[in-house]
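Peer 1: Starting from these lines, generate the structure:
(2 chains)
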Amino acid sequence: MKLLGAVAMLSIAALLSAHSAGAQGTFDRSKPPELGPPPRVSLPPIITRELPNGLKLMIVEQHELPLADFVLLTGSGSTAAPAGKAGIANLVSVMLREGTTSRKSLDIADQISFLGIRLSPTSSWESSTLSLHTPTAQLDSALALFADVALYPSFPPNEFERIRKTQLTDLLQQRDQGPVIASKAFPAILYGNAHPYGAPLEGTEASVKSITTADLQSYYQANFRPNNATLIIVGDVNPAQVEAKINNLFGSWQRGDVPALNYGEPPKASTTTIYLIDKPGAAQSSFRIGAVGVPRSTKDYFALTVMNTILGGSFTSRLNQNLRETRGYTYGAGSRFDMRRSAGPFLASAEIVTAKSDSALIEFMKELKRIREAVPADELSRAKRYLQLQLPGNFETTQQIAAALVPVAQYNLPLDYYNNYVQNVEAVSQADVARVAQQYINPGSLAIVIVGDRKTIEPALKSVNVGPIAIRDISGQPIQ
Amino acid sequence: MAFCYLIVGALSAPVSAQSVPRIQFEKYKLPNGLEVILHEDHSTPIVAVDTWYHVGSGDEQVGRTGFAHLFEHIMFMGSQHVPVGAFDQLLESAGANNNGSTTEDRTNYYETLPSNALPLAMWLDSDRMGFLLPTMDLPKVNLQRDVVKNERRQRVDNQPYGRADEIILAALYPKSHPYSWPVIGSMTDLSAASLTDVQNFFKTYYAPNNATLTIAGDFNPDSVKKMVAQYFGSIPRGPEVKRRVSVPDVVIPRDTFLVLEDKVQLPRLFYTWHSVKGFSRDDAALDILAQIIAGDRNSRLYKRLVYDLQIAQAVSAFQDGSRLDGKFQIDVTPKPGQSVADIDRIVREEIGKVISNGVTPRELQRAKNVYKSSFLNRLASVLGKAEVLNSYNYFVGNPDFVQQDAARYERVSAADVQRVARTYLGRPKIVLTVVPEGKKEMMLTASGGGR
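Peer 2: Residues are numbered from 1 along each chain as shown, chains lettered A, B, ... in the order given. The predicted structure is shown next:
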């Protein structure tokens, strides 16, 4: 492969020492090899531009293969839904590919396959993305389609009726899946009905039924504005040329006043409670345990990231080691802080064999308490090295680089964010880990959502005695 | 160190306008039989180490289904010089990601590491290749047995429609056929696996002469060869591995209708035909046919069932060509209140149209273009390239096959698509309806049926 366009530069000294380590004459299998210093990494330069209409561009060249990725990131998502219209951001995203002022739904699908591209819309809490992955041989045609879909969607009523039916059937089919029920009930219980993080991204049956094409139009007009968007471009492109193409295609996109997102504080934490949702005959119990966490802007980002790597953010983390590799209760256990504009959830989760639901709950609670105690120095340093040293591997492909730039654009992180990542992780101390664990993980006020076979697991869960058991329906609501 | 043979590069292949780049590589064999494939790529300071053992669930014995995959799990539990738990701890603290996977035909183990950590992967992978058994014990087996049973629960038993596959395989293939059971195996067989089974399986299949080690990424080829020789060269060759080269005939005399009750809201129809093995004459044409039948919004079944009539929620089709045999499958999920009989009528109509009238040039071109760019995408990462090299080396005996593989799809004609539809989808098939519990009457039968 070509050397050009490396996403990271390698120190030659590191290369030599790495290879000599394994090739020396004496050879002792009883100890792991001494490794040379890790390759020095400088992450790719990001070129930034802003069009007169306010559309921001972030361009990274990567010429290894004739491929390019484009991500149009819009700074609005499910939390911008009008009252009663949960799921509208998702439906607007889906509908982008269902017709424009000049292309019908089937024409768009025909072009996507004919060009051999991927054109994928997604939406989240405070953002929506439209992603294009294309061979550069088709760049102009692909970009024309991409811009058409992004800027001129027509929301045809007949296509919307079909998409609505599909969405309603999806919601129906989610009842089959314990893990999905648990993942949806957890935020509903944690945030309640008054906070937008409590509503499912894909909406509810009632909200999806209530949304009209006029609603879609007005959501689109209010939120899809160049001054509310960033276009990330990564791949085998010439920055000046691609900027000119983007100017042509997106230059006439009109600015608009985007309504500010404004939502209040999440509800105060209550004392630890088990919310049990019955899934008769389930082979596993779906555990979702957590609390309201932190916003992405938290000063404790790196301390929390390191702490969570130790708790449940890697294969060798405590939760996975305990629940999977020591006890065999699950195929995998983990935890994460889902950081958003406002405080997203902290969540520990696993799919647990039904018969071990009580034992697993004991172990979960044990680990959530133990992480608040001092973390041994070697465990801390392993977690830090994992975060630091795997960084270059996250910048290998055009798609990975584009994905890494999304939070930079969305949360206004400095452009040298990844270049300082290693030092920022390094600066996290044992005291920092203990402090953030004690501050953000409180075993006395957790929402423990468990979806499983109630008649088998309820008595056992009760005997664990971590808190009262409240029976909820599949949406996480109290049963009337 | 002398190498048995050395191939640098290989044949050139027809190249189309937007060509798939060739992967430069070097292949050689150690005296103990270990095949080594090296591919340099310095664009990112990382390296992928990808070992393929030539054994899969198709090599399992009756009563031990799921064993090859269980064994894969056990390979992460440490070896003579690597204590339990150290395998993942050392890799993660070196910034590596690692995993493994098992199919009917092969088992792979891979790490992606910063380039300075390559010796660590060599040490760990050579230790489990050469020294797994001295510290192997029943607690290790029991622990991973529980993990794998939970993997099965998560992927199969607690998954809507999850058990369809094992029902279909058992109906499609005779009992003596190596693909007649699923890779994950049965709970009973997983329970039966013993420490002796682990020891025998290791001695039979996990020898250097039954493996290919592919290293792709940022390394110096001279020193990496020395390193490979040092870590792997002293592992003794094992007995010659005898694997199946043929499979029993698959005979499906007439359409067979099956039903499975599951905890689901909606029924789902699974049509399965016996087809051909991977890389055989009609394999690419069947892939193209699947794309034309259900690959996108304009595909025959999607457009009729999901887009126009809106009586189905989802439809998919695929050709599954493995080392020894293959199958072609179509799945359709009706929308609430729609009968599987109505769905079935349209499915038969649309397949009939392809058989009678063939496909349009546009349909063919779209499907080919989807495949063309998929080849490019597989080469984006060093692990992707290691997998491509290993896969071609294993299935066609030549790592340098990506351009020839792309050319297989480029060569498919409209007549080929029509012919394979007639040949394979004209055959009797297995039709499984998964129905909501207590609703057996919803199944599709020979006379239609199904409410």
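Peer 1: Just the buried residues of stretch A:179-196, please?
Peer 2: Judged by neighbour count (16 or more other C-beta atoms under 10 Å in any protein chain shown), stretch A:179-196 contains these buried residues: A:179-191, A:195-196. Quick note: C-beta positions are derived from backbone N, CA and C, even for glycine.
Peer 1: Specify which member of these is nearest to B:Gln154.
Peer 2: A:Pro179 (8.2 Å; C-beta to C-beta).
Peer 1: where does the stretch 101-250 of chain A come near chain B, residue by residue?
Peer 2: A:105-106, A:109-110, A:112-117, A:133, A:135, A:137-138, A:162, A:165-166, A:169-170, A:172-173, A:175-179 (C-beta under 8 Å from any C-beta of the partner chain).
Peer 1: Which ones among the residues you listed map onto strands?
Peer 2: The members of these that map onto strands under DSSP state E are A:His133, A:Pro135.
Peer 1: which residues does the residue lying closest to A:Ile469 once chain neighbours are set aside bridge with?
Peer 2: Nearest non-adjacent residue to A:Ile469, counting by C-beta to C-beta, 6 or more residues apart in numbering or on different chains: A:Ile274, 4.6 Å away. Taking DSSP bridges as the rule, A:Ile274 bridges to A:Ile448, A:Ile469.
Peer 1: For chain B, see how far away A:Ile274 is.
Peer 2: 20 Å (C-beta to the nearest C-beta, to the nearest Å).
Peer 1: how many other residues sit next to A:Pro267?
Peer 2: Residues near A:Pro267, counting by other C-beta atoms under 10 Å in any protein chain shown, number 14.
Peer 1: distance of it from A:Ala447?
Peer 2: To A:Ala447, A:Pro267 is 11 Å away according to C-beta to C-beta, to the nearest Å.
Peer 1: go on, A:Arg225?
Peer 2: 36 Å.
Peer 1: how about low-confidence regions in the stretch 101-250 of chain B?
Peer 2: Scanning the stretch 101-250 of chain B for pLDDT under 70 picks out nothing.
Peer 1: and it, which of its residues are near chain A?
Peer 2: So the stretch 101-250 of chain B meets chain A at B:112, B:114-120, B:122-124, B:127, B:131, B:142-147, B:149-151, B:153-154, B:157-160, B:218-220, B:223-224, B:226-227, B:230-231 (C-beta under 8 Å from any C-beta).
Peer 1: In ChimeraX, how would I select just the buried ones from those?
Peer 2: Those of those that count as buried under 16+ other C-beta under 10 Å are selected in ChimeraX with:
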select /B:112,114,115,116,117,118,119,120,122,123,124,127,131,143,144,145,146,147,149,150,151,153,154,157,158,159,160,218,219,220,223,224,226,227,230,231
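Peer 1: Give me the subset of the residues of the stretch 101-250 of chain B next to chain A that lies in helices.
Peer 2: B:118-120, B:122-124, B:127, B:142-147, B:149-151, B:223-224, B:226-227, B:230-231 (DSSP state H).
Peer 1: How about the contacts made by the spatially most central residue of chain B?
Peer 2: Nearest to the mean C-alpha position of chain B, by C-alpha atoms, centre = their mean, lies B:Thr103 at 5.0 Å. Residues in contact with B:Thr103 (C-beta atoms under 8 Å, 6 or more residues apart in numbering or on different chains) are B:Gly56, B:Ser57, B:Val183, B:Ser322.
Peer 1: Same question for B:Leu133.
Peer 2: B:Leu133 neighbours (C-beta under 8 Å, 6+ apart): B:Gln199, B:Phe202, B:Lys203.
Peer 1: The last one is in contact with B:Gly238, isn't it?
Peer 2: Yes - taking C-beta atoms under 8 Å as the contact criterion, B:Lys203 and B:Gly238 are neighbours in contact, 6.7 Å apart.
Peer 1: Return the distance of the residue nearest to A:Glu159 when sequence neighbours are not counted relative to A:Phe155.
Peer 2: Once flanking residues are discounted, A:Glu159 sits nearest to A:Glu98: 4.1 Å by C-beta to C-beta, 6+ apart. Per C-beta to C-beta, A:Glu98 is found 8 Å from A:Phe155.
Peer 1: shared neighbours of these two, which are they?
Peer 2: With C-beta under 8 Å, 6+ apart, A:Glu98 and A:Phe155 have no common neighbours.
Peer 1: hmm, back to that, which one's more surrounded, A:Arg225 and A:Ala447?
Peer 2: A:Ala447 (26 against 21).
Peer 1: and the closest residue to chain A within chain B, what does it touch?
Peer 2: For chain B and chain A, the shortest gap (C-beta to the nearest C-beta) falls at B:Gly95, measuring 2.2 Å. Contacts for B:Gly95 were tallied using C-beta under 8 Å, 6+ apart; they are A:Pro38, A:Arg385, A:Tyr386, A:Gln388, A:Leu389, A:Gln390, A:Leu391, A:Pro392, A:Gly393, B:Leu113, B:Pro114, B:Ala117.
Peer 1: Would you enumerate the residues in contact with the closest residue to it other than its chain neighbours?
Peer 2: Of all residues not flanking B:Gly95 in the chain, A:Leu389 sits nearest, at 2.2 Å (C-beta to C-beta, 6+ apart). By C-beta under 8 Å, 6+ apart, the contact set of A:Leu389 is A:Pro38, B:Ser93, B:Ala94, B:Gly95, B:Ala96, B:Pro114, B:Ala117.
Peer 1: quick one: A:Pro121 is in a strand?
Peer 2: Yes - counting by DSSP: H, G, I helix; E, B strand; the rest coil, A:Pro121 is part of a strand.
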